[in-house]
Every structure is written in C-alpha cells, then in structure tokens.
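Trainee: Got a predicted structure plus its sequence, pasted below:
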Amino acid sequence: MPVFGKILAGFNIIAAIVFLSLASMDWGKRTEAQYQVFRAKAALDGLPLDDKEAWLGEPDEPIAPRLSKRLIAEMFGTAPGGSVLGGAEVKTVMDEVARVKALVAAVISSAGDKKAAIRGFLLDQTTDGQTRDELARRLDPASPDSPEELEKELNKLFDDALSGGVTVVPAENPQAYPERTQKRRQIAKLLAFLAPRDMDWQNRVQTVVGVTAYTAAVDAQAKALEAMTDRARMILRRDQSNFVGEYQMYLDTLRAQADSAASLDQRITREQTLLNEQKALLERYVVETEVDDPANPGKTKRASVDISLRARVAEFQKKLADQTAATTAALATQADLERQIFEVQQQIVLTQDAITETEKRLRELEAKRRP
C-alpha cells in the first residue's frame, strides 16, 4: 500500500473515533435533556394516577414503569412530607392515597383525644360555612356524636378518592375537564387539606398530584374559604347589631338599677342616722332642768337630769319594785287582819251560842217556878 493510502486510512480511523466520541456525547446530552423534560413534566402533572395512566399522545406507554429510581428519589428527596403524614416513596397517586389513609387511621387510633385528631384532618375538608359550623359542633368534645361516626365520614372521603368515579367534582364546570383531571383535583383537595398548615406536607402533595392539580384544588378551596369568610362577616355584623341592641337595653337597665341603688343608699343613710339618734336617746339623754332642792325644802335648783329611755325605764323598774314590795307588805298586813277578824268572828259566834244556851236555861227555870 502506498504511503498516501496508509496516511488516508489513518485519518479515516481518527475521524471515525472523533465521530463516535461526538455521537456518544450528543446522545448523553440528549438523554439528559429528555430526562429533564420528563422531570419538569412530572413536576407539573405529578405522579400518574394509577399504573395504567399514560400521558396524552402516548396511550400505549404507561407512565409508572418509566419512573426511574433517580426520578423518584429526586422528587421525594425535597418533599418527604414531614413527621406526621410523610413516609415512603410511591409511584402513583392512588398508592399515596392508600398510604395516607392507613397512616391517618393509625394516628387517630393512637390519639388520646380522638375527636381532636379527627378535627385536624376533617374540618378543613368542608367547602361551605354552614357545613363547617355543623361539623365543628359535632367535633366538639361536648357533642353526643361518637369519634367512630366522625371517623367513618373521614374514611368515606378516602374511599371516594380511591374509587373509580369522581364523586366530588371541581367547583368549575366539570364538562371542561377529563374525568382523570377531575379525579386528580379531588385527590389533591383531600390530601392538601388534611394538614393545610404543614408546609412540608404541602410540598409532598404538590409533588404527588402535580403543580397544576394542586394549584387548582387550592384555588377552588380559597374561593370556598372566601365565601365562608363573607358568611362569617355577615353573621358577625348581625351578631354585632344584636349585641348593640341588647347592650343598650342592658345599659338602660343597669342605669335604672344604679339610680335605684343610689336611692336605696340614701335611704339607708337616713335610716342609719335615725338609728344612731335612737341609740343615743336610749343610752343617755341629759338635760338641764329645775329640780327640788333636798337641802332647802320648798325650793328648787338647776341640775343635769338623765331623761334617756334607759334611765326612765330603770327609774320605772325601781318604782315598780318599791310598789311591789309595798303591796306585798300591805297584803301581808291584810292577811293578818283578816285572820284576827276571823278569830273575833269565831269568838262572837261562840258567845252568841253561849247566850242562846243561857236564855234557854233561863226560860226553863222560869217555867219551873211558875205554879
């Protein structure tokens, strides 16, 4: 082979090696670019609804088998879900619903206050104010509703989400969205509002159902919450109006009672003053007056005399005691006189009997002397 041919063959071999290297690099970049596109689409649309779901335009290629370990690890690596509802990685939305249903049941079963645990998962699922108020009443510890009845309602939401049909359609026109889109939004709402204040959990829900469905569900619930807020404001204004009327009525009543209390206070003060005066009169009431002078009979002198009721009562009691003693002595004298009179009367009777007997004997003697 001529030298030129050998040189040409060498250049061809080098060119082939360069071509293969460039082709390999281009294939790697193309594969990475396809992965990033797939990753972005997964972030936008979320995990497949089930093992059979395929993207639009690729009906014969289910999505779930195409989810690599790298993709799943990247998706859940930044959205583990938090300490309450977070957990293992899943490949479909239905798998996540089943996992969360079992986890919620375990949380409720181990809770000391089951109603409080159910309240945290169930109350924010409501979409109108009246239903929320009624559910809040039933979730109150004083309500007769049992935790088992309330847990059945929560489980029904999970069962509806796991069923084939769409039992809760979005707030928008359902005819404008395919059934699987409606189902994804239904599940997005259920999962998102199990723990709406847990940002770690919200990140996981967004990863599982996709940004599109998550945003639609949150936006629909935001509108529902806005309507509930308007209702609450209307009720608040009504209650405020009622309160103002009742407050004015109670205020007028309190003012009338305050006036009555002030009048009673004045009356009590007057009665207390009179009572003190009466006590003073009862205890001691001294006046200057003219009294008989024992040292100068027939004359008087100025002296302080206690004419209080207590002094007058004491003086009356003394006089009464003296009079009682005098009466007792008089009665004793009278009794003695009556005894003496009785004795004299007895003597008189005896004397009269003796006179009668003497007269009788005299008449008998006279009768004997007559011829």
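Mentor: Perfect, thanks for sending it.

Trainee: The host helix or strand of T333 - contacts with which helices or strands?
Mentor: Element membership for T333 (DSSP states H and E) is helix 309-369. Contact analysis of helix 309-369 by 3 or more CB pairs under 8 Å, 6 or more residues apart in numbering; DSSP states H and E lists helix 211-283 as its packing neighbours. Every C-beta, even on glycine, is put in place using the N, C-alpha and C of the backbone.

Trainee: Show me what the helix it packs on is packed up against.
Mentor: With contacts defined as 3+ CB pairs under 8 Å, 6+ apart, helix 211-283 has these neighbours: helix 3-45, helix 129-139, helix 179-192, helix 199-209, helix 309-369.

Trainee: which of those helices has the lowest average pLDDT?
Mentor: Mean pLDDT across these is lowest at helix 3-45; the value there is a mean of 59.

Trainee: who's in contact with the helix or strand following that helix?
Mentor: Next along the chain after helix 3-45, taking DSSP H and E as the criterion, comes helix 69-77. With contact meaning CB atoms under 8 Å, 6 or more residues apart in numbering, helix 69-77 is reached by 35, 38-39, 42-43, 47, 89, 91, 204, 207.

Trainee: mind redoing it with 7 Å?
Mentor: 39, 42, 89, 91, 207 (CB atoms under 7 Å, 6 or more residues apart in numbering).

Trainee: quick one on the thing from earlier: with distance to L254 and mean neighbour count added, can I get the helices and strands packed on helix 211-283 in CSV?
Mentor: Output for these, formatted as CSV (distance: least, CB to CB, whole Å; neighbours: other CB atoms under 10 Å):
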stretch, distance to L254, mean neighbour count
helix 3-45, 64, 11
helix 129-139, 32, 15
helix 179-192, 50, 23
helix 199-209, 50, 22
helix 309-369, 44, 10
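
Trainee: Out of those helices, which gets nearest to L150?
Mentor: helix 129-139 (6.5 Å; CB to CB).

Trainee: Okay, domains of this protein per the record?
Mentor: 1-33, 46-237, 300-369 (automatic domain parsing).

Trainee: What is the end-to-end distance of the second one?
Mentor: Think domain 46-237. 43 Å (CA to CA, to the nearest Å).

Trainee: Could you dump the helices and strands packed on helix 211-283 into CSV and include distance to E277?
Mentor: Converted to CSV, these look like this (distance: least, CB to CB, whole Å):
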stretch, distance to E277
helix 3-45, 96
helix 129-139, 64
helix 179-192, 82
helix 199-209, 80
helix 309-369, 12
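
Trainee: that older thread, if we compare the domains of the chain, which one ends up closest to Y250?
Mentor: Once the domains of the chain are compared by CB to CB, domain 46-237 is nearest, at 19.9 Å.

Trainee: Redo the domains of the chain as JSON lines? Include distance to G245.
Mentor: Listed next are the domains of the chain as JSON lines, based on distance: least, CB to CB, whole Å:
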{"stretch": "domain 1-33", "distance to G245": "71"}
{"stretch": "domain 46-237", "distance to G245": "13"}
{"stretch": "domain 300-369", "distance to G245": "58"}
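
Trainee: for those domains, which one sits closest to Y247?
Mentor: When these are compared by CB to CB, domain 46-237 sits nearest Y247, at 15.0 Å.

Trainee: Quick one: distance of that closest one to the chain centre.
Mentor: Between the centre of domain 46-237 and the centre of its chain there are 31 Å (CA atoms, centre = their mean, to the nearest Å).

Trainee: Among the helices and strands packed on helix 211-283, single out whichever gets nearest to E149.
Mentor: Closest approach to E149 among these (CB to CB): helix 129-139, 8.2 Å.

Trainee: if we can go back for a sec, pipe the contacts of helix 69-77 into a markdown table and attach distance to I187 per row.
Mentor: Below are the contacts of helix 69-77 laid out as a markdown table (distance: CB to CB, whole Å):
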| residue | distance to I187 |
| --- | --- |
| R39 | 22 |
| A42 | 16 |
| E89 | 17 |
| K91 | 15 |
| T207 | 13 |
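
Trainee: which of these lies closest to P141?
Mentor: T207 (35.8 Å).

Trainee: Identify the residues contacting the closest residue to that closest one other than its chain neighbours.
Mentor: The shortest distance from T207 to any non-neighbouring residue, by CB to CB, 6 or more residues apart in numbering, is to A79 (4.3 Å). A79 is in contact with 203-204, 207, counting by CB under 7 Å, 6+ apart.

Trainee: redo that, cut-off 8 Å
Mentor: A79 is in contact with 200, 203-204, 206-207, counting by CB under 8 Å, 6+ apart.

Trainee: Pretty sure it sits in a helix.
Mentor: No. Assigned with DSSP: H, G, I helix; E, B strand; the rest coil, A79 falls outside any helix and is coil.

Trainee: quick one: the nearest residue to L191 once chain neighbours are set aside and L67, what's the gap?
Mentor: Using CB to CB, 6+ apart and skipping residues adjacent in sequence, the residue nearest L191 is V205, 4.6 Å away. The gap separating V205 from L67 is 18 Å, by CB to CB, to the nearest Å.

Trainee: Pick out whichever of the contacts of helix 69-77 sits closest to Y214.
Mentor: T207 (8.8 Å).

Trainee: helix, strand or coil for R302?
Mentor: Three-state call for R302 (three-state DSSP): strand.

Trainee: got a pLDDT number for it?
Mentor: Reported pLDDT for R302: 70.

Trainee: Just give the number of residues close to it.
Mentor: 10 (other CB atoms under 10 Å).

Trainee: what are the bridge partners for it, then?
Mentor: Following DSSP bridges, R302 is listed with bridge partners E290.
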